[in-house]
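Novice: Below is the sequence, then the predicted model.
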Amino acid sequence: MKAYWHLTLAQLRIFWRNKQVLFWTLFFPIVLMLTLGSFLGNGNNVSLAIGVLDKDQTVQSKELIQSFKKAGDIEVEKYNTKDKAIEAVKSGDIQLVLEIPKGYAEHLNNDPSAEPMNVPVYFNETNMAASQLAITVVSQVIDGVSKATLQYEPLLKVESIGVQAVNLRYIDFLVPGMVALSIMSNNMNGVAGQISSWRERGILRRMQGTRLKASTFIAAQITARLVLNGSQALLLLLIANLVFDLTIKGSWLVVISLVVLGTLAFMAIGFIIAGLAKTPESVGPIAGFLTFPMMFLGGVFFPIKNMPDLIQPFVNLLPISHLSHALRETMNLGTPFMSLLPEFSILTGWLIVAFITASYVFKWD
């Protein structure tokens, strides 16, 4: 037991004294989170900007413009010439331009049975999602003006019943993914690199020549990594709470359990890499070959459901996709442990298979 504690403390001192490792392990994920969160943290709202070219210049045309301003989160820009308005659409400053034609007010006062007046709308064909949304809003406003003018009473009326949903920001999506990414990187790259370096320097051979048990050595490594990963996760969550007002809606016990399970699973993969790498220099390419795809395909920065259907079965096999998903469900939605059993089971499966594989490929010298 004494050897276990000495090894654990020695490993923690190694982390603390290596400033370069400390920066990339603790502070780089925080810098990345703050950078992405500052630019994209609240990027879940859709705002529209439309232009209006008022050729009628009457009380009725001005009332129509006011109707757009009252329709919601819509920015209305007025233009004096058609060329400037079209140029604003082409440059992407606005989604579309509504042209109120000459004679608009006079047409409203005409016989209701007269032919409807065309109201030209110029939209951006290269951004159809925003343009279609803007066209829908414009159509609703104009339709409302027409019905009000004709004093039309519909036979059917839509009863709008709001459903309260979870309002998630990008930062709420990002932080659990950053915690999962840090756990993966620290253990796959860190464990493999350190073990390979110790093997080349003969440290592992000297340890093997003592009465030190392999189980004691591995237990000390696991404990030190758990302290490091737990500290990093806590630091990330604390800063996210202070800067972005992020809160944990689920159980802290489930979050801690996921950090522990993720650490063990990725440590086992790190031991496999250390066993396969013949030199410390070969650890980086092997670890990068595994971590780089998981970084972008594991749901860290982008939702898995937005990826092509062809690769989703492969993505759903990755351990980081289940770790990030489980952390996100717990932190953002408060999902209980029993509902996360599939994620826990798959991560446990990775842990068992990886440790069995590591026991066959790991070498002391």
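Specialist: Nice, I can see it.
Novice: Mean pLDDT per element in the protein, and the minimum belongs to which helix or strand?
Specialist: Taking mean pLDDT, DSSP states H and E as the measure, the helices and strands of the chain show their lowest mean at helix 19-22, namely a mean of 66.
Novice: can you pull out the helices in the stretch 201-350 of the chain?
Specialist: Here the stretch 201-350 of the chain has its helices, by DSSP state H, counting those that start in this stretch, at 203-208, 214-244, 252-276, 280-297, 312-315, 319-328, 341-361.
Novice: correction: the stretch 51-200 of the chain
Specialist: Remark: helices assigned in the stretch 51-200 of the chain by DSSP H, counting those that start in this stretch are 59-69, 82-91, 104-108, 128-150, 170-200.
Novice: what's the most buried one of those?
Specialist: For those, the largest average neighbour count (mean count of other CB atoms under 10 Å) is found in helix 170-200, namely a mean of 24. Heads up, the C-betas are built off the backbone N, CA and C, glycines and all.
Novice: And for stretch 245-258, what's in contact with it?
Specialist: Taking CB atoms under 8 Å, 6 or more residues apart in numbering as the criterion, the residues outside stretch 245-258 that touch it are 171-172, 175, 230, 233, 237, 240-241, 323, 326-327, 329-337, 340, 344, 347.
Novice: thinking again about what came up before, nearest to residue 66, of the helices of the stretch 201-350 of the chain?
Specialist: Shortest distance between residue 66 and the helices of the stretch 201-350 of the chain, using CB to CB, is found for helix 214-244: 36.3 Å.
Novice: Which among the helices of the stretch 201-350 of the chain is found nearest to residue 69?
Specialist: Across those (criterion: CB to CB), the nearest stretch is helix 214-244, sitting at 31.0 Å.
Novice: Could you list the buried residues of the closest one?
Specialist: If you call a residue buried by 16 or more other CB atoms under 10 Å, then helix 214-244 has these buried ones: 216-218, 220-226, 228-229, 232-233, 236-237, 239-240, 244.
Novice: go on, stretch 118-127?
Specialist: Buried positions in stretch 118-127, judged by neighbour count with 16+ other CB under 10 Å: 119, 121, 122, 123, 124.
Novice: biggest separation within those, which pair?
Specialist: Of all pairs drawn from the buried residues of stretch 118-127, the greatest distance, 17.8 Å, lies between 119 and 124 (CB to CB).
Novice: sorry, back to before: beyond the least confident helix or strand of the chain, next helix or strand please.
Specialist: helix 28-40 (DSSP states H and E).
Novice: Show the average pLDDT along that following helix.
Specialist: Averaging pLDDT along helix 28-40 yields 75.
Novice: and it with helix 170-200, angle?
Specialist: Helix 28-40 and helix 170-200 are oriented at 160 degrees to each other (axes from the mean of the first three to the mean of the last three CA atoms, to 10 degrees).
Novice: what helices or strands is helix 28-40 leaning on?
Specialist: Applying 3 or more CB pairs under 8 Å, 6 or more residues apart in numbering; DSSP states H and E, we find helix 28-40 packed against helix 170-200, helix 214-244.
Novice: could the ones you listed go into CSV alongside distance to residue 136 and mean pLDDT?
Specialist: Formatted as CSV, those follow (distance: least, CB to CB, whole Å; pLDDT from 0 to 100):
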stretch, distance to residue 136, mean pLDDT
helix 170-200, 25, 82
helix 214-244, 32, 83
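Novice: Which of the ones you listed sits closest to residue 78?
Specialist: When those are ranked by distance to residue 78, counting by CB to CB, first place goes to helix 170-200 at 32.7 Å.
Novice: Quick check: end-to-end length of stretch 243-250?
Specialist: End-to-end span of stretch 243-250 (CA to CA, to the nearest Å): 20 Å.
Novice: residues of that stretch that come out buried?
Specialist: 244, 246, 248, 250.
Novice: wait, which of the helices of the stretch 51-200 of the chain is closest to residue 17?
Specialist: The closest approach between residue 17 and any of those, judged by CB to CB, belongs to helix 170-200 at 13.2 Å.
Novice: tilt between the closest one and helix 214-244?
Specialist: Going by the same axes, to 10 degrees, helix 170-200 makes 150 degrees with helix 214-244.
Novice: Please state the offset of helix 170-200 from the chain centre?
Specialist: The gap between the average C-alpha position of helix 170-200 and the chain average comes to 18 Å, counting by CA atoms, centre = their mean, to the nearest Å.
Novice: Point out the other helices and strands that it packs with.
Specialist: Counting contacts by 3+ CB pairs under 8 Å, 6+ apart, helix 170-200 is packed against helix 28-40, helix 203-208, helix 214-244, helix 252-276, helix 280-297, helix 319-328.
Novice: Next, the angle from that helix to helix 341-361.
Specialist: On the basis of the same axes, to 10 degrees, helix 170-200 is oriented at 10 degrees to helix 341-361.
Novice: Please parse the protein into its domains.
Specialist: 12-42+167-361, 48-150 (automatic domain parsing).
Novice: can you tell me how far the closest residue to residue 37 other than its chain neighbours sits from residue 343?
Specialist: For residue 37, the nearest residue in space outside its immediate sequence neighbours is residue 171; the separation is 4.4 Å by CB to CB, 6 or more residues apart in numbering. Computed as CB to CB, to the nearest Å, the residue 171 to residue 343 distance reads 22 Å.
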